[in-house]
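Novice: When you get a sec, could you give me coordinates for this:
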Amino acid sequence: MAWSIAQVARMSQVTSRTLRHYDSIGLLPPAWIGDNGYRYYEKEQVHRLQQILLLRDLGLGLDVVAEVLNGTDQLTILRNHHRWLQDERRRLDRLATTVARTIEELEGGDEVKMEELFDGFDAAKQKEYEAQLVDRFGDGVKEHIASSKKRWQGATKADADRFLQEWQDIVTRATELFTANTPVDAPETQELIDRHHRWICLSWTPNRESYSGLADLYLEDEFKSQLDAHAEGTAEWANAAMKHYAQTRL
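Specialist: Presented below is the predicted three-dimensional model:
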């Protein structure tokens, strides 16, 4: 039995673009390619994809994933991941307790110590996201990641809340301009993109190439779903507007 790339993407919740990338780097070649040019996967490839995703859950880069898969049997990988899942379950239990205590405090209970507010949090997901950025954009992105961390040292929760609210305001305005059929090179559009660029500069300073790369990242599922939440096509519009800004102002 074989599944098309679209079927595998839907079942695994991995984008077709990611599957094609895995093929291009030799990490997950399809079982065969049809006359229509579509990739097809059999059980062996689906099992390998599961192993890739398990290792990515641990925050490993694709080069390390390839080394592990080429030198480790499937049972060992599953046993190691099972141990990690057990550790993660214990961490989530701590996190649930932390949230419960915070709710209790907000309802008038005993005050929670500041350091206890973050019990159960860890950097695993952040490391995974950073690894994905390096996989896609290369080692050069590490400088931007380091710059972002440095700029946010000492930031308060209020700073983070303002930062996230600005993103929401930018998305709202982008939706308004898109639904009004505003051209991507219109002054009001480029004014919004300039606002977005200044917002990004609070974390890191992109040049023409990296800002265009960020525009492409906004077409990925995680960001596209936010931009297209109220109007399908906003993400594509924002992508084109950002690239115009990069070409004309950076």
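
Novice: and the closest residue to Ser12 other than its chain neighbours, what element?
Specialist: Leaving out its chain neighbours, the residue that sits closest to Ser12 by Cβ to Cβ, 6 or more residues apart in numbering is Leu49, at 5.9 Å. Glycine gets a C-beta too; all of them are placed from N, C-alpha and C. Using DSSP states H and E, Leu49 falls within helix 43-57.

Novice: Work out the gap between the helix or strand following that helix and the centre of the chain.
Specialist: Later in the chain than helix 43-57, the nearest helix or strand by DSSP H and E is helix 62-71. Helix 62-71 has its C-alpha centroid displaced from the chain centroid by 21 Å (Cα atoms, centre = their mean, to the nearest Å).

Novice: okay but Leu49 is in contact with Tyr41, surely?
Specialist: Yes: counting by Cβ atoms under 8 Å, Leu49 does reach Tyr41; the two are 7.5 Å apart.

Novice: anything in contact with each of those two?
Specialist: With contacts taken as Cβ atoms under 8 Å, 6 or more residues apart in numbering, Leu49 and Tyr41 have Val8 as neighbours in common.

Novice: Settle it for me: which of the two has more neighbours?
Specialist: Tyr41 (26 against 20; other Cβ atoms under 10 Å).

Novice: Pop out the phi and psi values for that one.
Specialist: Main-chain dihedrals, Tyr41, degrees, to the nearest 10: phi -120, psi 140.

Novice: dump the residue contacts of it.
Specialist: By Cβ under 8 Å, 6+ apart, the neighbours of Tyr41 are 2-5, 8, 30-31, 49.

Novice: now the strands for the chain?
Specialist: In the chain, the segments counted as strands under DSSP state E are 3-4, 32-33, 39-41.

Novice: Just the local confidence number for Asp110, please.
Specialist: Note on Asp110: pLDDT of 59.

Novice: ugh, typo on my part, it should be Ala215
Specialist: 91.

Novice: Surely it is in contact with Asn239?
Specialist: Yes: between Ala215 and Asn239 there is a contact under Cβ under 8 Å: 4.6 Å.

Novice: any chance you could map the helices in this protein?
Specialist: 5-12, 16-24, 43-57, 62-71, 74-106, 124-137, 141-151, 157-179, 187-200, 208-217, 221-227, 234-249 (DSSP state H).
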